[in-house]
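J.: Output the structure for:
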Amino acid sequence: AMSELASLIGEDLRSIPGPALQAALDLAAAQPEQSPRANLDASLAALAAGEPKRALLLLARSPHPPRIAAAVTAWARQLDRNWYPGGVGAEVGLDSADAFVRPQPGEPLTELLEQVVNNGPTGLITPRTLLEFSVRTGQAQGVNDALGDAWRKLEGLAGLAQRHALAPVGLWTMLAWADLSRRADLPQAGDLLAGARQQIVAAGDGGLLALSHLIEGDWYAAPGNSPESLGWDLAPQHSPTRLPPGDLDRAAAGYAQAESALGRRDLPRLRGALALRHAALARGHDDPDVRRRHLAAAAEAYLIAGDGAGIQLVVAHQLVADIDEGRLGQLALDLGAGWTRPVHGPVADLLDWAEGAGSTSWCVGLGRLLERCAESWRARGSNARARIAYLAALWLISLAPEVPAHTLVTAIAYADSRSNLSTQALLRLERTFGPLLADTTVTEPFAFTQKLEAAQVYLGALRDRARGPAADQAADRMAQLRSELAAAVDTMTAVVPAIDVPIPRSMAELAAARDAMLGDGSLEAQAQAANRAVGLMLHMQLQGARETMATLAVLAPLTHAEHAQRLGLVADAEGWFAQAVDAARLPGVPSYLLPLVLLATQRRDEAQVELVRAEQAGTLPDEFLAMLALRAHDHRRAAAAIARRDAVLPASKAWSDQLVRAEVFLGVGDVDAGRAAAGAAIAAFEDSARLLLRDPERLAACDRPDVAAMYATLAKCHPDDPEASLEIAELARSLSYDTTGTVAEHGVWRAWQRSAAEYAARANRLLASLPASPPEGQQEGFAALDLAESALSDIERRLDAADPGVLLRRSTRGAQPTAADLRRRLPEGTLLLEYLAVGDDLLAWAVTRDGVRSDRQQLPTRELAAMVRDLHRSCAEGRARETHLAALLLAPHADLLRACDRVVVVPFGPLTMVPFHALRFDDAPLGLSHVVSYAPRAAHLAEDRPPDSPVTLRRSLVVGDPAFETAAHPTLVELPGARVEAVAVGAALGAPADDVLVGAAATEAAVGARLEDCDVLHLSTHGRLDELAPFASSLVLAGRDELTVADIAGLRFGTDLAVLSGCDTGRGAATLGGDLIGLTRSLLRSGVRRTVVSLWPVDDDVAPVLMQAFYTSLAAGLPCAHALADAQRQVAGMTRADLRAAYEALGGTPEGYSAARRRGARRGPVGLELDAELRDDEEVPEPLGGDAERYWAPFVLVG
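T.: The predicted model follows:
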């Protein structure tokens, strides 16, 4: 009946499409002769449910009259391609061939369908969109044009309603016109609504009466928009609405009247729409509990109604609620790193619905909703929330290839970079924009915009990468990026028309210039103005590109300089610094760069002059001024800049901004404000870090100097409470070093650990090979990365199924020991020294059973790092040079050192490379008078395992001198001493012959079969350190086999002691904050209690002597640290002849002795020249006596 078909006006919210669809399908099954009409009814019900793809499938089941089929098809096409939440137009293209119909007289059903498609809600989408644009830009002619088009459509539909006595349709047209008038900001809108409401009351239609109040509530809840989109513009808008501001109280009153009018009527779609709006109001009032309750009610109502689009809308609102409330862990698990499409979780369900039964544009609109959510949180400084929302939005928006999603990739890369995940950020950018940046022939404006946005995010991520071993590679990429931008600018400059007006400096100035060109405001004038505005915007972007090029011209040499400085290459550093200063003085360079470079070169006075000049000229934003003034130690100027910024903008919640505030407040003596800001910075950072479920990502994000600086700043806020400051320092270490052991030892867990490490290794190796790799090589690399990500995600789902919530629980920091707990765990006569070197501060804590003492010294970290490098190099070459390190690190605690003969060192940053046992104390190396060991954090000293507990020696596994394939390791040499060492160690431990694997027997399979059951593991072989992909570092085994960091991460040991007698096995790759992503850390995390490793290359003919002495003492019952100290002292007391005799007594041959060599290799990607510090040692230093640190001091005990 026509009265029933009137509910085809979907926006009246009175239909119940789910039951109607099922009834139609039941009828078609029960009465086949009724199938054409039943299938049509089912198709129409699917359209009412917002499921156009399902509608077309149902329509195709039976033949239908051509006009009816065309109308239904056009309706479906409109819903599928041009429908965003709130009933506005989408950015998805329409195929005009079958997306439109022209109403003509005819059979009533046919005419009604054509009228609904052309003049109903779908027909109003475009006029609404044009109306909104015209109102925002203040163009009266555009408003009149859009209203005229809408009026003609509604008039046609109202005429049909009158001819066929379809009162609800006619009443709906009155409500729609009142709503359009309100959107146009016409004063008669209220009267129009009141008039419509009078007629609705007269007709006794409670459902439409409720709808009228809902519409009025929307006017105040989201002026010019809809609560369905939470008041955000889903299609990009360049001007704010000019409608009066919202009034949540009046909106609530309108919705309450709608609830009253609705009563107990069976209208679940209307009830769901009201519940969704109540949830939106609760969001505005920041009431999450009420919001959740209304969202649950909306979901139930839409489910009862069978409203597919409504159900998905609620899912998106629930996602936004999760993000708002910080419930991000499960979303992080579902979305992964964003390389592959999610297959579980709400985003996956939305995608499946859109591709199966639903609407592509509706789903894209939900993606835009999440994108606006991300932008909102990014503006408020919550990078964690923004990153998750952007990742979710990317896949939803990417459903429509014609809708640009590259800006989302840029936003995600920016969020990655802000989360300290520079590898992820750069890979994302290289994959999406690398070919575009390399193509210098592109003249399409949008492509140029993408290039510029990507280049700016590239820059930030490359600066992050520049702080590590890949600094020179990052600097080279900066230079290449500058060349690519320069070519793009030349190409665009040649095709962009000249302008005779000033180039706008901001989007606000651009909008003002566009408005000035609108003329009479007609749609034609708007189109012309928009085209001219595009030209202005291109000139803005060309200017921005030139500034980015100037920035790159400064930062590339600055990056080279800082890296050379870290390596101790003074002359090279000075040359690069000079080039950076010259580039920073050129015209057109952003004003912050010159003081930045001057500060890097320690020219603080000149930097302060430049800061004053920039401040007076107003060319430096206050946030930049505060940061640079802080680095210049001009705390008062920094504080004034912060105060000016706070006067006009709310304080940023980003952890990095809060850190600057904390350091500034502390610098001006406001300890309370500094403590509050540092606490806020830590809370914001940990909120983000807990979402990094994978260990490599967490380590990359957490183990950085700026992260450590947060905790150091908070520690400095407790100058009179050393126990409190020590506990804060331990919190910093707990971020990247998990020793909780909260997970059951099952295979899926170990597979996950290994897969995560392998993924990190593959990602780092791929990045190191870009962009020099040819396009086909890059494609293969990214395809392999996709497979690794997919495999890792699959394992994560399996792990979560085996132990639901385990990854999320694990991401929450467990209880940390107090300083009192740490003191109680220390044996009598033991001194624990913990250090934190950040910025210009060297913080230290000395802990004994009797108390905690703190010490703070002013020393730039770069100077400390230079001293450490010099000491380390001199030890590796022969004898330790005189160094000021002993005075810095040991002298402040001299009295405690004289009272304690057992020392546990917890180093940080560059201090991880310091052989404390080789530092001189009371005129002798500390290790010759004290027993010294090391720990990754004080909390590692658990109550149930004191530092000198006995070593279990029941079963041993000894591996030595594997017969590696020279083609696989062309830079390595055979190690006869390693075989001698393995035999001697096996004899000292009484190991069965089957557990001593040498030569060809030392395969990965043989080692792996015995690895998890041994109490003592000894490996004397080459260590291969990969500085650029540290998770690929390994110990070399027989053939082509290796034992990598990733392999170790996938194991679960019960091993009491692991000894890695290879080159730099303890060094790993020092991350920016000082942790070691190496074999040591992986072993300790995998359950090994303690490990002996080397800090520099080990001499193949001396290591056997030291190790035989070590194991002999160990077998005699000495604790591990004491046994190592005893062995070191024995070697230190030997002459060169003694060492030779001892080596030969163990079975070494004179020939092997005369061909002494060192164990190990370090490498980077193929074709990449590593720094001198990272290359293999090509020459073995001249032989010395055993008192040379090169011989007695390379090994340290960690654990």
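
J.: Residue ranges of each domain in the protein, please.
T.: Using automatic domain parsing, the domain parsing of the chain gives 2-379, 419-568, 747-810, 819-940, 956-1198.

J.: could you point out which element follows the helix or strand of the chain at the bottom of the mean pLDDT ranking?
T.: Scoring the helices and strands of the chain by mean pLDDT, DSSP states H and E places strand 1161-1163 at the bottom, with a mean of 43. For strand 1161-1163, the following helix or strand on the C-terminal side (DSSP states H and E) is helix 1189-1192.

J.: and for that next one, what are the contacting residues?
T.: 874-880, 915, 918, 925, 1096, 1099, 1102, 1106, 1128-1129, 1131-1132, 1139, 1181, 1184-1186 (Cβ atoms under 8 Å, 6 or more residues apart in numbering). Where C-beta positions appear, they are placed from N, C-alpha and C, glycine not excepted.

J.: same check, this time on stretch 197-211
T.: 12-14, 167-168, 171-172, 174-175, 212, 258-259, 261-263, 265, 267, 270, 274.

J.: 6 Å instead?
T.: Stretch 197-211 is contacted by residues 14, 167, 171, 212, 258, 261, 262, 265, 267, 270 when judged by Cβ atoms under 6 Å, 6 or more residues apart in numbering.

J.: Farthest-apart pair in those residues, please.
T.: 167 and 258 (20.0 Å; Cβ to Cβ).

J.: more crowded one of the two?
T.: Ranked by neighbour count (other Cβ atoms under 10 Å), residue 167 and residue 258 place residue 258 first, with 23 against 17.

J.: can you tell me how far that one sits from residue 278?
T.: Distance from residue 258 to residue 278, counting by Cβ to Cβ, to the nearest Å: 10 Å.

J.: Residue 579 now?
T.: Residue 579 is 62 Å from residue 278, by Cβ to Cβ.

J.: more crowded one of these two?
T.: residue 278 (25 against 18).

J.: rewinding a little: so which of the contacts of stretch 197-211 belong to helices?
T.: Residues of the contacts of stretch 197-211 located in helices (DSSP state H): 167, 171, 212, 258, 261, 262, 270.

J.: Export those as a markdown table, with columns for pLDDT and distance to residue 553.
T.: Listed next are the ones in helices among the contacts of stretch 197-211 as a markdown table, based on pLDDT from 0 to 100; distance: Cβ to Cβ, whole Å:
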| residue | pLDDT | distance to residue 553 |
| --- | --- | --- |
| 167 | 88 | 72 |
| 171 | 92 | 67 |
| 212 | 95 | 63 |
| 258 | 96 | 61 |
| 261 | 95 | 67 |
| 262 | 94 | 66 |
| 270 | 95 | 62 |
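
J.: Relative to residue 512, which of the residues you listed is nearest.
T.: When those are compared for distance to residue 512 (Cβ to Cβ), residue 212 wins out at 38.6 Å.

J.: dump the residue contacts of the closest one.
T.: Contacts of residue 212 (Cβ under 6 Å, 6+ apart): 175, 197.

J.: since we're on the nearest residue to residue 374 once chain neighbours are set aside, how many residues are nearby?
T.: Among residues not flanking residue 374 along the chain, residue 389 sits closest, at 3.5 Å (Cβ to Cβ, 6 or more residues apart in numbering). The number of residues packed near residue 389 is 32, by other Cβ under 10 Å.

J.: buried sites along stretch 493-501?
T.: residue 496 (16 or more other Cβ atoms under 10 Å).

J.: Pull out the buried residues from stretch 473-491.
T.: Neighbour-count burial for stretch 473-491 [16+ other Cβ under 10 Å]: 473-482, 484-489, 491.

J.: Assign residue 952 to helix, strand or coil.
T.: coil (DSSP: H, G, I helix; E, B strand; the rest coil).

J.: okay, it: pLDDT?
T.: If you check residue 952, the pLDDT there is 87.

J.: ok, residues contacting the helix or strand residue 323 falls within?
T.: Using DSSP H and E, residue 323 sits within helix 308-325. Helix 308-325 is contacted from outside by 49-51, 85, 272, 288, 291, 295, 298-299, 302, 346, 350, 353, 358, 362, 366, 369, 373, 385, 388-389, using Cβ under 6 Å, 6+ apart.

J.: What of stretch 789-799?
T.: Residues contacting stretch 789-799 (Cβ under 6 Å, 6+ apart): 336, 337, 339, 340, 748, 751, 752, 755, 759.

J.: so what's the residue nearest to residue 374 up against?
T.: Per Cβ under 6 Å, 6+ apart, neighbours of residue 389: 323, 370, 373, 374.

J.: The helix or strand where residue 437 lies: which residues count as buried?
T.: Per DSSP H and E: residue 437 is located in helix 422-438. For helix 422-438, the buried set under the neighbour-count rule, 16+ other Cβ under 10 Å, comprises 422-434, 436-437.

J.: Please apply the same query to stretch 159-169.
T.: 160, 161, 164, 166, 167, 168, 169.

J.: could you dump these to TSV with distance to residue 653?
T.: Below are the buried residues of stretch 159-169 laid out as TSV (distance: Cβ to Cβ, whole Å):
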residue	distance to residue 653
160	55
161	53
164	58
166	54
167	53
168	49
169	50
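
J.: Pick out whichever of the residues you listed sits closest to residue 931.
T.: Closest to residue 931, out of all of the buried residues of stretch 159-169 and judged by Cβ to Cβ, is residue 168, at 90.2 Å.

J.: Residue 821 and residue 905, how far apart?
T.: Residue 821 is 19 Å from residue 905, by Cβ to Cβ.

J.: So those two - more neighbours on which side?
T.: For residue 821 versus residue 905, the count of surrounding residues by other Cβ under 10 Å is larger for residue 905: 23 against 16.

J.: the helices in the stretch 201-350 of the chain, which residues?
T.: Applying DSSP state H, counting those that start in this stretch to the stretch 201-350 of the chain gives helices spanning 206-221, 248-262, 268-284, 288-305, 308-325, 329-335, 346-356.

J.: Any idea which of the ones you listed gets closest to residue 458?
T.: From the helices of the stretch 201-350 of the chain, taking Cβ to Cβ, the stretch that ends up closest is helix 329-335, at 23.0 Å.
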